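**Student:** Predicted model and sequence follow; I will ask about them next.
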Amino acid sequence: MSPGPRKDPVAVETEVREKIHLEILKRTGAYHANDHVLLPSGQHTSEYIEKTLVTTEPSFTEGLGAVIAKHFAPWPVDVVLSTGPGALILSHCVARAHPSRPVVVYGAKGLSAGKRRVTIPVEFQRLVRPASKVLLIEDLVSTGSTITLLINLVEQLGAEVVGVGCLWRRTSVELTGKPVFSLVSRDFPTYDPEECPLCKKSVPLNEEFVRRRHARRPSSVQEPKAAL
Ligand SMILES: [Zn+2]
């Protein structure tokens with residue numbers, strides 16, 4: 001490689017790679033740009049990523065998983081750990097492509113005394129041993145709270161987190177000193193409705209995503225009453 005006098009080639013490569021990955025996420029229908037979106041928080045934004053759609057295209061997910069695996073290939077990994085259905089699909093793809101041939105385990109999210117927590121099913125506990133090298137995989141990291149729970153879980157078991165791989169990370173998220181690799185690192189501004197520039201321009205507000213979340217909630221709570 002010849003040293004270029006212009007832009008830093010690593011920065012250019014990262015920029016190009018992120019653009020490609022954003023296009024892939026757009027193709028799945030997960031990434032929406034140039035919109036005016038109502039967020040569950042009540043704030044407005046121009047971009048949105050719909051978590052449930054990011055891993056719906058197997059060949060894309062495999063390709064993206066392979067990129068994450070390649071990044072972490074120099075590190076030995078015994079276990080790939082995630083939580084949540086989208087992250088689990090991605091973690092399978094990462095593990096499949098990693099040269100250490102790690103096993104895949106997942107944590108279960110729940111509440112304990114009103115606090116969110118992640119636990120490992122008892123069947124997996126023999127797989128995450130003291131000194132096991134664990135790679136954490138997440139689809140979207142927006143606040144970092146799930147990753148922090150996973151890091152704590154691994155460390156409580158005496159194992160070691162070698163890194164965190166994800167499809168998307170909001171750049172405002174700080175993660176406690178672990179190597180993080182995200183295919184897209186991107187943040188977008190969110191606005192209070194009173195201060196929203198899109199509202200000021202009378203751009204119609206897209207409430208679809210919030211409506212879908214509301215519609216989804218009861219169905220995930222009401223288990224079908226199966227006859228036993
Ligand atoms: Zn607005």
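**Tutor:** That came in fine, so what should we check first?
**Student:** Now do the helices in the chain.
**Tutor:** 9-27, 58-72, 85-97, 145-156, 197-200, 208-221 (DSSP state H).
**Student:** For the last one, give the mean pLDDT please.
**Tutor:** Average pLDDT, helix 208-221: 70.
**Student:** Likewise for the third one?
**Tutor:** Taken as a whole, helix 85-97 has a mean pLDDT of 96.
**Student:** next one: the fifth one
**Tutor:** In this model, helix 197-200 has a mean pLDDT of 96.
**Student:** closest to V122 out of the helices of the chain?
**Tutor:** Taking Cβ to Cβ as the criterion, helix 145-156 is the member of these that comes nearest to V122, at 13.6 Å. The C-beta positions use only the backbone N, C-alpha and C, and glycine is treated the same way.
**Student:** which helices and strands does that closest one pack with?
**Tutor:** The helices and strands touching helix 145-156, judged by 3 or more Cβ pairs under 8 Å, 6 or more residues apart in numbering; DSSP states H and E, are strand 79-83, strand 103-112, strand 115-119, strand 133-141, strand 160-169.
**Student:** As a markdown table, the ones you listed with mean neighbour count and distance to L90 would be great.
**Tutor:** Conversion of these to a markdown table gives the following (neighbours: other Cβ atoms under 10 Å; distance: least, Cβ to Cβ, whole Å):
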| stretch | mean neighbour count | distance to L90 |
| --- | --- | --- |
| strand 79-83 | 27 | 7 |
| strand 103-112 | 15 | 10 |
| strand 115-119 | 14 | 17 |
| strand 133-141 | 25 | 6 |
| strand 160-169 | 23 | 7 |
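**Student:** Would you mind giving the ones you listed as a markdown table with distance to the ion added?
**Tutor:** Output for those, formatted as a markdown table (distance: least, Cβ to the ion, whole Å):
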| stretch | distance to the ion |
| --- | --- |
| strand 79-83 | 32 |
| strand 103-112 | 31 |
| strand 115-119 | 29 |
| strand 133-141 | 22 |
| strand 160-169 | 22 |
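**Student:** Mind putting these into JSON lines with distance to A215?
**Tutor:** Listed next are the helices and strands packed on helix 145-156 as JSON lines, based on distance: least, Cβ to Cβ, whole Å:
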{"stretch": "strand 79-83", "distance to A215": "23"}
{"stretch": "strand 103-112", "distance to A215": "21"}
{"stretch": "strand 115-119", "distance to A215": "23"}
{"stretch": "strand 133-141", "distance to A215": "20"}
{"stretch": "strand 160-169", "distance to A215": "24"}
